[in-house]
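**Student:** give me the fold of what follows.
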Amino acid sequence: MRYLVLSLAACLLASSPSRSEVYELPPEGFDVIGAVSTVTARHEDTLVDIARRHGLGYQDIVRANPDVKIWLPGEGTEVVLPTRFVLPPGPREGLVLNLAEYRMYFYPRPKRGEPAYVYSYPISIGRMDWETPIGKTKIVAMAENPAWYPPQSVRDEHAADGDPLPRIVPPGPNNPLGSRALRLALPGYLIHGTNRPAGVGMRVSHGCIRMFPEDIEFLFKHVSVNTVVRIINAPVKIGWDGEALVAEVHPLLESPQPLVEESLQQIEKLDADIELPDLIEPSKDPLTQVTEQFITATAERAGQLDWDLIEVLVERSDGIPEAVGISIKNAATSAAFE
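**Tutor:** Numbers count the residues shown, from 1 in each chain. Model prediction:
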């Protein structure tokens, strides 16, 4: 069972210039949406241009096309669009941000009697020295045309590079927050637009989540304060597509750092119901991740993995889902436990 991209004109939410991918949400027990396709590059295209037109980010398009030149693919070059996804594990509600995937999933609340949908957006995440934390939080404030108040640590970094920042950057083309910002209950962290859209899909921010301008503007209209936000780091995802077990594998990220005690105390003051992030363990071996995700995917439905296929997929780690197993009648015969 495969759920393909739907026309925005037919979708639940109002039409928008956002180029995100939108899919009818599959029922529980089915976890794969979209389909891989190809387009032909024009002479003026870059891979980044093509990615943005199709709801993809930098890492998405580059990993799927390792032999294509990023800035000059060449007229007539076939470019793979990796627009097939295994839905991330956990509840299908609010916003789910998978850091290892550089991708956000938005589950708007369905209207009575109408289908449920899921939107998928590329995102930028915190770079190595400014990691984005993981955990469950929520949106606590929303702002149009926000001013940016660079924290002292960021101002110090820019000053050291000979590029001093003012205390306040007003709204406008030089504002790195773009035209919209969603403040999270994690102190100091935002989901926002950008004045440098070519960087969407990279590990380039100071910990915040960046989106294409058209995507954050669309999202801004359809979320609200108290929308749940779950940030995860899942380089391996496994789910069901009919009778097939499908795996999607991304390169491992170094583990995001836990929030400092001061930040945790601020979160507690904001809302005692928020689940504080746990201390993060070192990144696990990819095959350990596969085993854990397999156990989760087959908790209520027995399946068997082809470990030869899994090893190929882990070696490739290009984010393109592939069938790696099948459903079985007897869980005791599962190859995962042989």
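
**Student:** low-confidence stretches in the stretch 51-200 of the chain?
**Tutor:** 127-131, 150-166 (pLDDT under 70).

**Student:** same thing but 50
**Tutor:** 128-129 (pLDDT under 50).

**Student:** quickly list what the residue nearest the centre of the chain is bridged to.
**Tutor:** By Cα atoms, centre = their mean, the mean C-alpha position of the chain lies nearest to R103, the distance being 1.4 Å. Taking DSSP bridges as the rule, R103 bridges to N98, P122.

**Student:** how near is L182 to C208?
**Tutor:** 10 Å (Cβ to Cβ, to the nearest Å). The way it works is simple: take the backbone N, C-alpha and C, and place the C-beta from them, glycine included.

**Student:** the two: who's more crowded?
**Tutor:** L182 (27 against 24; other Cβ atoms under 10 Å).

**Student:** residues contacting that one?
**Tutor:** 139, 141-142, 190-192, 216, 219-220, 223 (Cβ atoms under 8 Å, 6 or more residues apart in numbering).

**Student:** in which helix or strand would I find it?
**Tutor:** Using DSSP states H and E, L182 maps to strand 180-184.

**Student:** grab the CA positions of that strand and hand them over as PDB.
**Tutor:** Listed next in PDB are the C-alpha coordinates belonging to strand 180-184 (Å, rounded to 0.1, in the frame of the first residue of the first chain):
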ATOM      1  CA  ARG A 180       8.300  34.100  10.700                       C
ATOM      2  CA  ALA A 181       9.500  32.600  13.900                       C
ATOM      3  CA  LEU A 182       8.000  30.000  16.300                       C
ATOM      4  CA  ARG A 183       9.500  30.100  19.800                       C
ATOM      5  CA  LEU A 184       9.800  26.700  21.600                       C
END
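
**Student:** what ranges do the helices span in the stretch 201-338 of the chain?
**Tutor:** 213-222, 261-270, 286-297, 307-316 (DSSP state H, counting those that start in this stretch).

**Student:** who wins for proximity to G90 among those helices?
**Tutor:** The closest of the helices of the stretch 201-338 of the chain to G90 is helix 286-297. By Cβ to Cβ, the value is 9.3 Å.

**Student:** for stretch 226-244, which residues meet the burial criterion?
**Tutor:** The neighbour-count check on stretch 226-244 (16 or more other Cβ atoms under 10 Å) flags 227-241, 244 as buried.

**Student:** same question for stretch 69-83.
**Tutor:** 73, 77, 79-83.

**Student:** and the contacts of that stretch?
**Tutor:** So stretch 69-83 is contacted by 5, 21, 34-43, 45-48, 50, 54-56, 60-65, 68, 318-320 (Cβ under 8 Å, 6+ apart).

**Student:** tell me which entries of those residues lie within helices.
**Tutor:** 47-48, 50, 60-64 (DSSP state H).

**Student:** nearest to L252 among those residues?
**Tutor:** In terms of Cβ to Cβ, no member of those lies closer to L252 than R63, at 13.4 Å.

**Student:** nearest residue to the closest one in space, please, no chain neighbours.
**Tutor:** Nearest residue to R63 in three dimensions, chain neighbours excluded: D318, at 4.4 Å (Cβ to Cβ, 6 or more residues apart in numbering).

**Student:** burial count for the one you found?
**Tutor:** The number of residues near D318, taken as other Cβ under 10 Å, comes to 20.

**Student:** touching, it and D67? I think so.
**Tutor:** No. Assessed by Cβ atoms under 8 Å, D318 is found out of contact with D67, at 11.7 Å.

**Student:** contacts only, for I310.
**Tutor:** 247, 287, 290, 324.

**Student:** are any of those residues buried, and if so which?
**Tutor:** Using 16+ other Cβ under 10 Å, the buried members of those are 247, 290, 324.

**Student:** which ones are touching the second one?
**Tutor:** Meaning V290. V290 neighbours (Cβ under 8 Å, 6+ apart): 236, 238, 247, 249, 305, 310, 314.
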